[in-house]
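1. Here's my sequence, what's the structure:
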Amino acid sequence: MSESRTPNLPAAAPFWLSVLMIPLVVLAAWRGGGWWALIPAYAWYLTTALDGILGLNEANPDPETGTDQLFWHRAVTIIWFPLQFAAIFGSIWYVQATGHLSGLEKLGLFFGIGVLSGSIGIVYAHELLHQKTPAERWLGDLLLASVLYSHFRTEHLLVHHSWVSTPRDAVSARYGEGFYGFFRRVLTEGPRSAWVAETRFLARAGRGPWDQRNPFWRYGALQLGMLALAAVLGGWIGVFLFLFQAFIAVWQLELTNYVEHYGLTRKHLGDGRYEPVRPRHSWNASHRATNWLLINLQRHSDHHTKPDRRFPLLQTYGADEAPQLPHGYPVMTMVAMVPPLWRRRMNPRVRAWRRQFYPEIADWTPYDTGALPMPRNAL
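-> From the prediction side, this is the model:
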């Protein structure tokens, strides 16, 4: 690696912004009242304000940088599970043991914890699951179990990355599809799709669905363990609070999934064949502060190009290669919650994308309705 490219490696410290959310959880659990609102305010509004002040970061690090130079970048993802575990289960124990919070104050607190476990925890799980070390993958599994969304691992690795922007991928939002319909569809199709993919993967090796290698055994055991711990620490109220934060976390995840690929489709080449994944099939964003908080998740085009590339080394693309979001994820996910506003902002951009990259396609109806055939050989 040449010395001239090494300085492009981004500093690790800004990617630790997420850790500052843990003291906010402690403060909200201790003080009650409206202190819980500091957690989403930090994750959504402060980050958006910093994006406005700091602007875009379009510098690309050397993608050949060695893992040994990424210790402090990786460290924040590795320490996150014990921090999130303490935030969730410590709060369940504390609010039930002290009894000093009202029911609404508890809901507010666990709404904030759900924002933390969804906008940070699942993002970190996503990074960890793409790595090759067993320890990192286990940490990713534990983070997903703490929001009862363990099947995401299978769905993401076996389905999404292979068949993004095709009818096989449930989390590729279609043009004109509102978030609420998308959310219902993903919640129902996602677990079933993951089970089908995993059992077909096992079948190719001559194994049945109940084989011990099926990760759904691990998913179930970890999730039941989390629920049991919530019950031990907080009784039925503890279980309810745990379920509530898990729902908020999943809502955060699927809002992000909705934004990442909305309206972007791979060209159907006929007979169930689709073009390869390219940077143009993900919305890209270079907003500096949000990429710090979300460890470069917005450099999503490059993530799909090189899924196991560690987050500090992800590349960004210009508009000639990848479509660009007008704002960072916090703003765009809020816009997505208002479907008419979302369509007004994003549908013209999708149409411009179609003209730019696929002027030869005259009829987009089969793409918009999901009527195209499933990809050949899809799990």
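2. For the rest of this, base every contact and every neighbour count on C-alpha atoms.
-> Noted.
3. Sketch out the low-pLDDT regions of the chain for me.
-> Across the chain, the ranges flagged by pLDDT under 70 are 1-7.
4. could you redo the last one with a cut-off of 50?
-> For the chain, the stretches flagged by pLDDT under 50 are 1-6.
5. most residues in a single helix of it, which one?
-> For the chain, the longest helix by residue count, based on DSSP state H, is helix 216-261.
6. chain center to it, what's the gap?
-> 15 Å (CA atoms, centre = their mean, to the nearest Å).
7. Could you do stretch 295-309 as well?
-> That offset, for stretch 295-309, works out to 11 Å (CA atoms, centre = their mean).
8. again with stretch 110-123
-> With CA atoms, centre = their mean, you get 11 Å for stretch 110-123.
9. Do I have it right that W36 meets L104?
-> No - taking CA atoms under 8 Å as the definition, W36 is not a contact partner of L104, at 10.8 Å.
10. Between the two, which is the more surrounded one?
-> W36 (25 against 12; other CA atoms under 10 Å).
11. what about the more buried one, which SS state?
-> helix (DSSP: H, G, I helix; E, B strand; the rest coil).
12. where do the strands sit along this structure?
-> 268-270, 273-274 (DSSP state E).
13. What strands line up against the shortest one, and which way round?
-> Each strand that pairs with strand 273-274, with its direction, by DSSP bridges: strand 268-270 (antiparallel).
14. Name the surrounding residues that touch the partner strand.
-> Y274, E275, L372 (CA atoms under 8 Å, 6 or more residues apart in numbering).
15. The strands of the chain: which one's closest to I22?
-> Closest approach to I22 among the strands of the chain is made by strand 273-274 (43.9 Å; CA to CA).
16. what's the spacing between L148 and G118?
-> 11 Å (CA to CA, to the nearest Å).
17. Quick check: neighbours shared by these two?
-> By CA under 8 Å, 6+ apart, the residues touching both L148 and G118 are A246.
18. between these two, which one's more packed in?
-> Neighbours were counted for L148 and for G118 using other CA under 10 Å; G118 has more, 27 against 24.
19. ok, G34 - how many residues close by?
-> 12.
20. residues touching it, list them.
-> A28, E105, G108.
21. Torsion angles phi and psi at it?
-> phi -100, psi 10 (degrees, to the nearest 10).
22. ditto for Q212
-> According to degrees, to the nearest 10, Q212 has phi -60, psi -20.
23. Could you give the number of residues near it?
-> So Q212, with other CA under 10 Å, has 11 neighbours.
24. Tabulate the contacts of strand 268-270 in a markdown table, adding columns for distance to V335 and neighbour count.
-> Output for those, formatted as a markdown table (distance: CA to CA, whole Å; neighbours: other CA atoms under 10 Å):
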| residue | distance to V335 | neighbour count |
| --- | --- | --- |
| Y274 | 31 | 19 |
| E275 | 30 | 12 |
| L372 | 29 | 17 |
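25. Tell me which residues touch the nearest residue to Q245 once chain neighbours are set aside, please.
-> Counting by CA to CA, 6 or more residues apart in numbering, Q245 lies nearest to G114, which is 4.0 Å off, once chain neighbours are set aside. Counting by CA under 8 Å, 6+ apart, G114 makes contact with F244, Q245, A246, F247, I248, A249.
26. neighbour-wise, which of these leads?
-> A249 (29 neighbours).
27. can you tell me which residues contact that one?
-> Here A249 is in contact with G114, V115, L116, S117, G118, S119, I122, V147 (CA under 8 Å, 6+ apart).
28. hmm, try it at 6 Å
-> G114, V115, S117, G118 (CA atoms under 6 Å, 6 or more residues apart in numbering).
29. Kindly indicate which of those residues lies nearest L222.
-> S117 (16.2 Å).
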